[in-house]
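Asks: I'll drop the sequence and a predicted model, then ask my questions.
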Amino acid sequence: MLMMRHFRMRAIKCPRTALPLLYPSSQNANRKKWHHIHSSAVTSYPRCELTSVRYNVDRGKFSQVCQEDIDFFINLLDRHRVVLEESDLEGHNTDWLGMVRGASSVLLKPRNTEEVSAVMNYCNQRTLAVCPQGGNTGLVGGSVPVFDEIIISTSLMNEVENVDKLSGVVTCQSGCVLETLDQHVAEYGLMIPLDLGAKGSCHIGGNVSTNAGGLRVVRYGGLHGSVLGVEAVLASGEVINCMSAMKKDNTGYDLKHLFIGSEGTLGIVTKVAISCPPRPKAVNLAFLGLQTFEDVLHTFREAKAKLGEILSSCEFIDRSSMECVELNLKLRAPIDPHPFYMLIETSGSNSDHDEEKLNMFLEESLGSGQVSDGTVATEPSRMLYIWSIRERIAEALIHEGYTYKYDISLPHKDFYRIVENMKDRLGDSVIRCCGYGHIGDGNLHLNIVSKEFQRDIVNLIEPTVFEWTAEVSGSISAEHGLGFKKRNYMHFSKSSNAIKLMKQMKMLMDPKGILNPYKVLPEM
Ligand code: FAD
Ligand code: MLT
Ligand code: ZN
């Protein structure tokens, strides 16, 4: 077995775009530092083609920003919170993947709900389109403008208002960085029930707006369950206060759910209240090697049955994904090469009890031959190292070129079939076709890489991958959302009546369509 290297938190820039950090050097994710790195990276910035050109989009009938508008914003926010310099804007105009690029000339940094409200009221009157932006780690092109939409950044809205020790509910502004918020509630013995590779950069408001899933849904469920309250500003500037901190509240339509996962198209989330579970005292992480995908499915079933309430994560990596991490990030798998790998995490309150349960499960899995090799980590630095292998696959892939990303929900029996089908279909035309993801939730990340973006390759993958997903009754977006990239495929997962009602809701809440246009809802 290989020796574990110690993994330390450090700054990582996207190799392609030199954009946000996944693991800021400061655990407190000092925003000034983040911005410093963000803007200093701009000089070597590789420009991808403008979204509007690559995808041949027509600009909506919105006004264009004029000097009078700039004067209004400066008067409202001060000059330093109105970003106009092209070099400072470039990182905010391009997404983390380097896949889409807009051409906004203004970014605003409100500090509170009142300022967001005043900005929206003004933009609505002037019919100026806006693009809400959190940490800009979104993977479907929703977080950056398509044309010249004004970017409204939540980066200065990062105050934690309250942590209720008894109920475990945290109330905060939407610009809190996920990792920083988690460290804050840790002081109260709590944890944010959401964890993902982008935690060092993504904002809680971005997480709520995308209904982010991540690594622990199998244990804590999704954000529709743990978000108790949302405050949001509508296109008109009106503030909708649904900030209940109560677990139970059956008074009428539960409007907060409209903002969870609507990707900035129905309102700007300004505050959230989240129910936090107790921070587990005992955590173990097993890294397993398996020979067949059947073995992966058996092991998942057994893990659920035998680990029960202490199972907190169940992740999957195929050989090609692992190879990519090893090649490009120089991280080493802690066991010899296998066709498939799994990460199984347990979290609980009694380490003896949890270890005994996990060891028994592993002994039986190894004994039956379902698992052919494995290692267990209990020491934090060792666990971080193993987690970094899984969490940094997205980053490893962009070292090799352009990533075509598919994030689909599938019945477990069909989970890996599409990776194999795509490999056969694409052959040597691509550098890599691999699969990894949250197998505990039936969520596959199918990723394909070619040196550069090629329309021919897109045409080989789409709509086949969406048609196939619909045939097996899956979802074409499990956790990343639809954003700009997937919006025209919504019909593969939603009925025409459901789409019609969504369009009516959009019309009601944002009649001029100024909130994140060209995103989520299909063009037709
Ligand atoms: P942004 O990228 O800035 O915005 C995302 C969308 O939300 C955009 O449409 C934007 O307009 C809107 N938005 C942002 N803030 C607000 C607001 N306050 N009000 C209204 N709308 C808003 N996602 C997962 O679900 N699971 C994962 O495991 C996961 N892992 C990732 C790993 C890596 C390495 C990376 C780069 C991304 C990963 N993602 C994952 C995707 C991404 O991190 C999530 O979608 C995240 O929730 C986005 O948060 P953000 O603050 O960066 O939002
Ligand atoms: C993950 O689970 O690693 C993220 O969703 C990012 C990705 O899909 O690559
Ligand atoms: Zn994921």
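Replies: Sure thing, it's come through. Ligands and ions are numbered 1, 2, ... in the order given.
Asks: check contacts around P337.
Replies: Taking C-beta atoms under 8 Å, 6 or more residues apart in numbering, we find P337 in contact with 289, 319, 322. C-beta coordinates here come from the backbone N, C-alpha and C atoms, glycine included.
Asks: export these to JSON lines and tack on distance to P517 and pLDDT?
Replies: Output for the contacts of P337, formatted as JSON lines (distance: C-beta to C-beta, whole Å; pLDDT from 0 to 100):
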{"residue": "G289", "distance to P517": "47", "pLDDT": "98"}
{"residue": "R319", "distance to P517": "41", "pLDDT": "98"}
{"residue": "M322", "distance to P517": "40", "pLDDT": "98"}
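Asks: let's see which of those end up in strands.
Replies: Counting by DSSP state E, the part of the contacts of P337 found in strands is G289.
Asks: of the contacts of P337 - the most surrounded one?
Replies: M322 (25 neighbours; other C-beta atoms under 10 Å).
Asks: picking that back up, closest to V160 out of the contacts of P337?
Replies: M322 (37.4 Å; C-beta to C-beta).
Asks: which residues touch the closest one?
Replies: Contacts here follow C-beta under 8 Å, 6+ apart; on that basis M322 touches 333, 337, 341, 389.
Asks: out of the contacts of P337, who's near ligand 1?
Replies: Taking C-beta under 6 Å from any ligand atom as the test, ligand 1 is in contact with none of these.
Asks: switch the contacts of P337 over to TSV; also include distance to ligand 2.
Replies: Below are the contacts of P337 laid out as TSV (distance: C-beta to the nearest ligand atom, whole Å):
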residue	distance to ligand 2
G289	20
R319	17
M322	13
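Asks: buried subset of the contacts of M322?
Replies: Those of these that meet the buried threshold are 333, 341, 389, by 16 or more other C-beta atoms under 10 Å.
Asks: now those residues in JSON lines, with pLDDT?
Replies: Shown next, in JSON lines, are the buried ones among the contacts of M322 (pLDDT from 0 to 100):
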{"residue": "A333", "pLDDT": "98"}
{"residue": "Y341", "pLDDT": "99"}
{"residue": "I389", "pLDDT": "98"}
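Asks: can you tell me the helix or strand for T137?
Replies: According to DSSP states H and E, T137 maps onto no helix or strand at all.
Asks: so the closest residue in space to it that isn't next to it in sequence, which of the three states?
Replies: Among residues not flanking T137 along the chain, A198 sits closest, at 3.9 Å (C-beta to C-beta, 6 or more residues apart in numbering). Classification of A198 using DSSP: H, G, I helix; E, B strand; the rest coil returns coil.
Asks: now swap in F73 and tell me
Replies: Per three-state DSSP, F73 ends up helix.
Asks: wait, it touches L107, no?
Replies: No: the criterion here is C-beta atoms under 8 Å, and F73 misses it with L107 at 9.9 Å.
Asks: which one of the contacts of M322 sits closest to ligand 1?
Replies: Comparing the contacts of M322 against ligand 1 with C-beta to the nearest ligand atom places I389 closest, at 12.9 Å.
Asks: let me know whether that closest one touches I317 as I believe.
Replies: Yes: if you go by C-beta under 8 Å, I389 and I317 touch, sitting 7.5 Å apart.
Asks: can you pick out the most distant pair from the contacts of M322?
Replies: Every pair of those checked by C-beta to C-beta; the farthest is P337 and I389, at 13.2 Å.
Asks: without its sequence neighbours, what residue ends up closest to the residue of the stretch 351-500 of the chain found nearest ligand 2?
Replies: Residue nearest to ligand 2 within the stretch 351-500 of the chain: A394 (3.3 Å; C-beta to the nearest ligand atom). The shortest distance from A394 to any residue other than its chain neighbours is 6.4 Å, reached at G197 (C-beta to C-beta, 6+ apart).
Asks: mind listing which of the buried ones among the contacts of M322 are in strands?
Replies: Y341.
Asks: which residues touch the residue nearest to A394?
Replies: G197 neighbours (C-beta under 8 Å, 6+ apart): 22, 390-392, 394-395.
Asks: from those, which ones fall inside helices?
Replies: 390-391, 394-395 (DSSP state H).
Asks: among those residues, who's most crowded?
Replies: Result: R390 is most packed of the ones in helices among the contacts of G197 (other C-beta under 10 Å), 25 neighbours.
Asks: read off the pLDDT value for that residue.
Replies: R390 carries a pLDDT value of 98.
Asks: closest residue of the stretch 1-150 of the chain to ligand 2?
Replies: For the stretch 1-150 of the chain, C-beta to the nearest ligand atom, closest residue to ligand 2: L139, 6.1 Å.
Asks: ok, which stretches of the stretch 401-524 of the chain are helices?
Replies: 417-426, 455-461, 464-471, 496-509 (DSSP state H, counting those that start in this stretch).
Asks: name the helices or strands packed onto the third one?
Replies: For helix 464-471, the elements it packs on are strand 402-409, helix 417-426, judged by 3 or more C-beta pairs under 8 Å, 6 or more residues apart in numbering; DSSP states H and E.
Asks: could you look over those and pick the most buried one?
Replies: Counting by mean count of other C-beta atoms under 10 Å, strand 402-409 has the highest mean neighbour count of those, with a mean of 23.
Asks: for it, name the packing helices and strands.
Replies: Looks like strand 402-409 contacts helix 393-398, strand 443-450, helix 455-461, helix 464-471 (3+ C-beta pairs under 8 Å, 6+ apart).
Asks: so how far is the shortest one off the chain centroid?
Replies: Average the C-alpha atoms of helix 393-398, do the same for its chain, and the two points are 14 Å apart (C-alpha atoms, centre = their mean, to the nearest Å).
Asks: does ligand 1 have contacts with it?
Replies: Yes: counting by C-beta under 6 Å from any ligand atom, ligand 1 has neighbours in helix 393-398: 394-395.
Asks: just checking, what packs against that helix?
Replies: Counting contacts by 3+ C-beta pairs under 8 Å, 6+ apart, helix 393-398 is packed against helix 319-329, strand 402-409, strand 432-438, strand 443-450.
Asks: K306 is nearest to which of those?
Replies: strand 432-438 (19.6 Å).
Asks: now the angle between helix 319-329 and that closest one, please.
Replies: 100 degrees (axes from the mean of the first three to the mean of the last three C-alpha atoms, to 10 degrees).
Asks: assumed T375 was part of a strand.
Replies: Yes: counting by three-state DSSP, T375 is located in a strand.
Asks: what bridges to it?
Replies: For T375, the beta-bridge partners under DSSP bridges are F287.
Asks: can you pull out the low-pLDDT segments for the stretch 101-250 of the chain?
Replies: For the stretch 101-250 of the chain, no stretch is flagged by pLDDT under 70.
Asks: would you pull up the residue in it closest to ligand 2?
Replies: For the stretch 101-250 of the chain, the residue closest to ligand 2 is G197, as judged by C-beta to the nearest ligand atom, at 5.0 Å.
Asks: any idea how far that residue is from Y404?
Replies: To Y404, G197 is 19 Å away according to C-beta to C-beta, to the nearest Å.
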